[in-house]
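S.K.: Below are the sequence and a predicted model; questions follow.
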Amino acid sequence: MRFEQIKKTVKGIGFETAREDNENYLEVVIVKDKLNELLVRLDGLFGPAQEKPSRQAEEAIRGFGGIMKGQTLYFWHQDSSFIFAMLWPWQDGEHITIKMAQG
């Protein structure tokens with residue numbers, strides 16, 4: 001799985017705000033209207049979202065704010081490499097922050 005390709009796929013749906021975009025991390029904000037398209041793309045790349053993060057996933061995402069109830073986590077790993085995507089809905093019900101990283 002290649003992080004650059006995943007970033008390109010996610011950016012392809014369009015976003016409202018780009019907060020950070022570098023070689024190993026992407027953080028953007030999308031509007032709710034884009035959510036279904038995003039979920040279809042992430043399901044295609046990662047498989048279904050994790051219901052309960054594995055210990056390895058929890059360790060990997062801890063430094064990025066972790067995951068809480070109401071948030072969504074996609075996680076892939078092979079050996080010591082990982083890629084994740086976290087979706088954090090806003091309280092306004094209209095925006096979602098997407099945090100993606102590789103390590």
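M.R.: Structure received.
S.K.: what residue is smack in the middle of this structure?
M.R.: Nearest to the mean C-alpha position of the chain, by C-alpha atoms, centre = their mean, lies residue 85 at 1.9 Å.
S.K.: For the helix or strand containing that one, what is the distance to the chain centroid?
M.R.: Element membership for residue 85 (DSSP states H and E) is strand 81-89. How far strand 81-89 lies from its chain's middle: 3 Å, per C-alpha atoms, centre = their mean, to the nearest Å.
S.K.: Report the strands that pair with that strand, each with its relative direction.
M.R.: Strand 81-89 sits in its sheet next to strand 72-78 (antiparallel), strand 95-102 (antiparallel), going by DSSP bridges.
S.K.: contacts for the first one?
M.R.: Outside of strand 72-78, the residues that reach it under the criterion C-beta atoms under 8 Å, 6 or more residues apart in numbering are 1, 39, 42, 45-47, 49-50, 53-54, 56-57, 60-61, 67, 82-87. The way it works is simple: take the backbone N, C-alpha and C, and place the C-beta from them, glycine included.
S.K.: Which of these fall in helices?
M.R.: Cross-referencing the contacts of strand 72-78 against helices under DSSP state H gives 39, 42, 45, 46, 56, 57, 60, 61.
S.K.: show me where pLDDT drops low in the chain?
M.R.: 1 (pLDDT under 70).
S.K.: Need the outlier residue of it, farthest from its centre.
M.R.: residue 79 (20.0 Å).
S.K.: State the distance from it to residue 57.
M.R.: 15 Å (C-beta to C-beta, to the nearest Å).
S.K.: can you count the residues close to residue 95?
M.R.: Residue 95 is flanked by 16 other residues according to other C-beta atoms under 10 Å.
S.K.: Enumerate every residue touching it.
M.R.: Per C-beta under 8 Å, 6+ apart, neighbours of residue 95: 16, 29, 30, 31, 32, 89.
S.K.: Show me what it is bridged to.
M.R.: residue 31.
S.K.: Tell me how far it lies from residue 29.
M.R.: 5 Å.
S.K.: Need the residues touching each of these two.
M.R.: residue 16.
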